[in-house]
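Undergrad: Predicted model, plus sequence, below.
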Amino acid sequence: DGGITQSPKYLFRKEGQNVTLSCEQNLNHDAMYWYRQDPGQGLRLIYYSQIVNDFQKGDIAEGYSVSREKKESFPLTVTSAQKNPTAFYLCASSMRSGNGYTFGSGTRLTVV
Amino acid sequence: AQSVTQPDIHITVSEGASLELRCNYSYGATPYLFWYVQSPGQGLQLLLKYFSGDTLVQGIKGFEAEFKRSQSSFNLRKPSVHWSDAAEYFCAVGGVNDYKLSFGAGTTVTVRA
């Protein structure tokens, strides 16, 4: 079955360490997105990519980086520059036709 | 600029009662509209979507939504709520030339026995 896979589901890191969250899709979707979700704050867009080797900053890109070397993969690195990285991170993908997003099941990152 | 407003942050409803969640949008062209549901600690699941045609759309889990262009609204309804409907619900808007969606802040639904 086609879908979008985020791993790991839970991630713990020490403050000051970079950490990379994985997102893979086999839906042949063109676009991929990363959102951050905090309690009571809805979804905030971090980065998105509409095509391989190209990506754009979202509303809260500071302290994050991404790459899009393959159509299927859109990893997110949370760097030590991110002041408050503990959050729930959601990856999504879509076709260009505006058919809506398919979401992964999320990664909960806790920085201690 | 596109935007979505969900006026209700939290709604509590009794099991078996009807549910209506409000969504107002702002979009400069013909909108594509979506409702998603999120259970705690999970990703978002698509409930239903509206692109064109019949303004009353049916979705999964017994939900329906009505598009009202004159009111810029896309409210979600369910005639009889089940305890499993307790979740957070997000409305989103996009378009044929802009497939990046804008999401509302979400409405949390609590179902009491």
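TA: Noted; the coordinates are in hand. Numbers count the residues shown, from 1 in each chain, chains lettered A, B, ... in the order given.

Undergrad: Beta-bridge partners for B:Phe90, please?
TA: Beta bridges link B:Phe90 to B:Tyr36 when assigned by DSSP bridges.

Undergrad: Spell out the residue ranges of the helices in chain B.
TA: Shown for chain B, no helices are assigned by DSSP state H.

Undergrad: Spatially central residue in it, please.
TA: B:Trp35 (3.5 Å; CA atoms, centre = their mean).

Undergrad: Quick check, that one in contact with B:Tyr89.
TA: Yes - the pair B:Trp35 / B:Tyr89 is scored as a contact, 6.5 Å apart, by CB atoms under 8 Å. To be clear about C-beta, it is placed using only N, CA and C from the backbone, and glycine gets the same treatment.

Undergrad: Pull the number of nearby residues for the closest residue to B:Ile60 other than its chain neighbours.
TA: Using CB to CB, 6 or more residues apart in numbering or on different chains and skipping the chain neighbours, the partner closest in space to B:Ile60 is B:Leu47 (5.9 Å). Residue crowding around B:Leu47 was assessed by other CB atoms under 10 Å in any protein chain shown; the count is 23.

Undergrad: quick one: contacts for B:Leu47?
TA: B:Leu47 sits next to B:35-37, B:59-61, B:63, B:65, B:76, B:89 when contact means CB atoms under 8 Å, 6 or more residues apart in numbering or on different chains.

Undergrad: same thing with A:Ser7?
TA: Contacts for A:Ser7 (CB under 8 Å, 6+ apart) come out as A:21-22, A:107.

Undergrad: Can you get me the start-to-end distance on stretch B:4-24?
TA: 6 Å (CA to CA, to the nearest Å).

Undergrad: which among the contacts of A:Ser7 end up buried?
TA: A:21, A:107 (16 or more other CB atoms under 10 Å in any protein chain shown).

Undergrad: Mind putting the contacts of A:Ser7 into CSV with distance to chain B and secondary structure?
TA: Formatted as CSV, these follow (distance: CB to the nearest CB, whole Å; DSSP: H, G, I helix; E, B strand; the rest coil):
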residue, distance to chain B, secondary structure
A:Leu21, 13, strand
A:Ser22, 14, strand
A:Thr107, 10, strand
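
Undergrad: quick one: contacts of the helix or strand hosting A:Tyr89?
TA: For A:Tyr89, the host element (DSSP states H and E) is strand A:87-94. Residues outside strand A:87-94 that contact it (CB under 8 Å, 6+ apart): A:4, A:6, A:21, A:23, A:25, A:27, A:29-38, A:43, A:46, A:74, A:76, A:100-104, A:106-109, B:41, B:43-44, B:99, B:101.

Undergrad: Out of these, list just those in strands.
TA: Judged by DSSP state E, the subset of the contacts of strand A:87-94 located in strands is A:4, A:6, A:21, A:23, A:25, A:31-37, A:43, A:46, A:76, A:102-103, A:107-109, B:44, B:99, B:101.

Undergrad: Next, the contact list for A:Tyr35, please.
TA: Contacts of A:Tyr35 by CB under 8 Å, 6+ apart are A:43-46, A:89-92.

Undergrad: returning to that earlier point: I'd like the contacts of A:Ser7 as CSV, with distance to A:Asp59 and pLDDT appended.
TA: As requested, the contacts of A:Ser7 are exported to CSV (distance: CB to CB, whole Å; pLDDT from 0 to 100):
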residue, distance to A:Asp59, pLDDT
A:Leu21, 18, 97
A:Ser22, 22, 97
A:Thr107, 19, 97
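
Undergrad: Is there a neighbour count for the nearest residue to B:Gln58 once chain neighbours are set aside? I'd like the number.
TA: Excluding the flanking residues, the one nearest B:Gln58 by CB to CB, 6+ apart is B:Glu64, at 5.1 Å. B:Glu64 has 16 neighbouring residues, counting by other CB under 10 Å.
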